[in-house]
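Engineer: What shape does this take:
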Amino acid sequence: MNNIRRLDGGLLLVFRGMLRRGQTTAVARELGLSQSAVSHALTRLRDLFDDPLFIRRPRGLEPTRRALELGPRIEALLDLAGATLARAGRFDPARSERRFTLVAPEFVSALAGANLVTAFRKLAPQASFSVMFQSRHSPLDALRRGELDVAIGRYPTVPPGLVSALLFEDRYCVVARRGHPTVKGRIGYAAWCKTGHVFADTSLEDGSGPSTGREIRDIAFVATVQRWLTALVMVSASDAIATCPLRLAQSQAKVLGLQVIKAPFLQDRIQVHAVHRDGAPDPGAAWFLEQIRKAV
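Structural biologist: Coordinates of the predicted model:
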């Protein structure tokens, strides 16, 4: 409680300004303060967080790792404070400078990322978003602590304090390069097993890879990678094949020169959920989630 009393809105604005500008003179000009007032605020912030926060470099003050970690949370605090003070708790994307934080599997960000960028440039030109890849379990803890705005993945059930809703469904497919010597627009199960696979082991980011009802050791592997797009690029320039989400394959097929094959033996569905905090409404996070839905 003592620390909360010491943290006022003015300090938060100085912190955000320093993270963006890196110079006390620029922050002072932006906030209508004297340079000495900004320096004094920095001293209070360093004492409060027990960290240097910003270290002097030839081109200005460089944020420490702790400052970068605090950035999204302080952005969220300022945005929530603004929403609380605004009439009816509205969020104005056209005026917001908030930086949203999203955790999502690579195939989701690759699928929807360009549309989300377009939406931000059109609707919220001063705001931005960052996408992170993490393990399957840690994002939910970070979300509850207010370090994230939205977590996307395979989360049919979530702990108390969070809300999960289905974002979209997909299925698996087989991809091979156009002009492959043996794969000509279709593939049987036996050929799928014996043709060299580039396998994307994405279990850390979205739960598990595809299941076919057979032991995975029955499949001939050439390589194992950690990202779907890496597997697709490798397949596009070799005679290996890969198994990946259909919508991702379709979005990359023309660019990479891939055949996309809907194999009947790949029956598993991919259900992707969006998770957000329950409780006190956050109009900004709700807007961000809506843009993600539209982008997908």
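Engineer: How many residues are close by Arg65?
Structural biologist: Counted with other Cβ atoms under 10 Å, the neighbours of Arg65 add up to 8. The C-beta positions use only the backbone N, C-alpha and C, and glycine is treated the same way.
Engineer: which residues does it contact?
Structural biologist: Residues near Arg65 by Cβ atoms under 8 Å, 6 or more residues apart in numbering: none.
Engineer: quick one: secondary structure of His273?
Structural biologist: The three-state assignment at His273 reads strand, by DSSP: H, G, I helix; E, B strand; the rest coil.
Engineer: Same question for the one 3 residues further on.
Structural biologist: Here His276 takes the strand state, with states given by three-state DSSP.
Engineer: Tell me who's in contact with Arg277.
Structural biologist: Residues in contact with Arg277 (Cβ under 8 Å, 6+ apart) are 143-144, 146, 161-163, 285.
Engineer: likewise Asp170?
Structural biologist: For Asp170, the contacting residues are 245-248, 269-270, 272, by Cβ under 8 Å, 6+ apart.
Engineer: for Lys194, same thing?
Structural biologist: Counting by Cβ under 8 Å, 6+ apart, Lys194 has contacts Ala220.
Engineer: Worst mean pLDDT across the helices and strands of the chain, which element?
Structural biologist: The weakest-scoring helix or strand in the chain, judged by mean pLDDT, DSSP states H and E, is helix 203-206 (a mean of 52).
Engineer: any weak-confidence spans in the stretch 1-150 of the chain?
Structural biologist: By pLDDT under 70, the low-scoring segments of the stretch 1-150 of the chain are 83-89, 134-137.
Engineer: where do the strands sit along the stretch 151-296 of the chain?
Structural biologist: Secondary structure of the stretch 151-296 of the chain (DSSP state E, counting those that start in this stretch): strands at 162-177, 197-200, 221-225, 242-245, 258-261, 269-277.
Engineer: Render the CA-only coordinates of the second one in PDB, please.
Structural biologist: The reference is to strand 197-200. What follows is strand 197-200, C-alpha atoms only, in PDB (Å, rounded to 0.1, in the frame of the first residue of the first chain):
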ATOM      1  CA  HIS A 197       8.800 -35.300 -43.200                       C
ATOM      2  CA  VAL A 198       9.900 -31.900 -41.900                       C
ATOM      3  CA  PHE A 199       8.100 -32.000 -38.600                       C
ATOM      4  CA  ALA A 200       7.100 -28.800 -36.800                       C
END
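Engineer: roughly how far out does that strand sit from the chain middle?
Structural biologist: A distance of 23 Å separates the centroid of the chain from that of strand 197-200, by Cα atoms, centre = their mean, to the nearest Å.
Engineer: Reformat the strands of the stretch 151-296 of the chain as JSON lines; add distance to Ile152 and mean pLDDT.
Structural biologist: Formatted as JSON lines, the strands of the stretch 151-296 of the chain follow (distance: least, Cβ to Cβ, whole Å; pLDDT from 0 to 100):
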{"stretch": "strand 162-177", "distance to Ile152": "6", "mean pLDDT": "93"}
{"stretch": "strand 197-200", "distance to Ile152": "17", "mean pLDDT": "89"}
{"stretch": "strand 221-225", "distance to Ile152": "21", "mean pLDDT": "88"}
{"stretch": "strand 242-245", "distance to Ile152": "13", "mean pLDDT": "92"}
{"stretch": "strand 258-261", "distance to Ile152": "23", "mean pLDDT": "96"}
{"stretch": "strand 269-277", "distance to Ile152": "5", "mean pLDDT": "91"}
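Engineer: Looking at those, which one is packed in the most?
Structural biologist: Among those, the stretch with the highest mean neighbour count (mean count of other Cβ atoms under 10 Å) is strand 242-245, at a mean of 25.
Engineer: Neighbouring strands - and their directions - for it?
Structural biologist: Applying DSSP bridges to the sheet, strand 242-245 is found paired with strand 162-177 (antiparallel).
Engineer: Next, the angle from the strand it pairs with to strand 269-277.
Structural biologist: Per axes from the mean of the first three to the mean of the last three Cα atoms, to 10 degrees, the angle that strand 162-177 makes with strand 269-277 is 140 degrees.
Engineer: Spell out which residues make up each domain of the protein.
Structural biologist: Using automatic domain parsing, the domain parsing of the chain gives 2-70+78-85, 88-167+272-295, 169-270.
Engineer: just the helices in the stretch 101-250 of the chain please.
Structural biologist: Counting by DSSP state H, counting those that start in this stretch, one finds helices in the stretch 101-250 of the chain at the ranges 106-123, 138-144, 189-194, 203-206, 228-236, 246-256.
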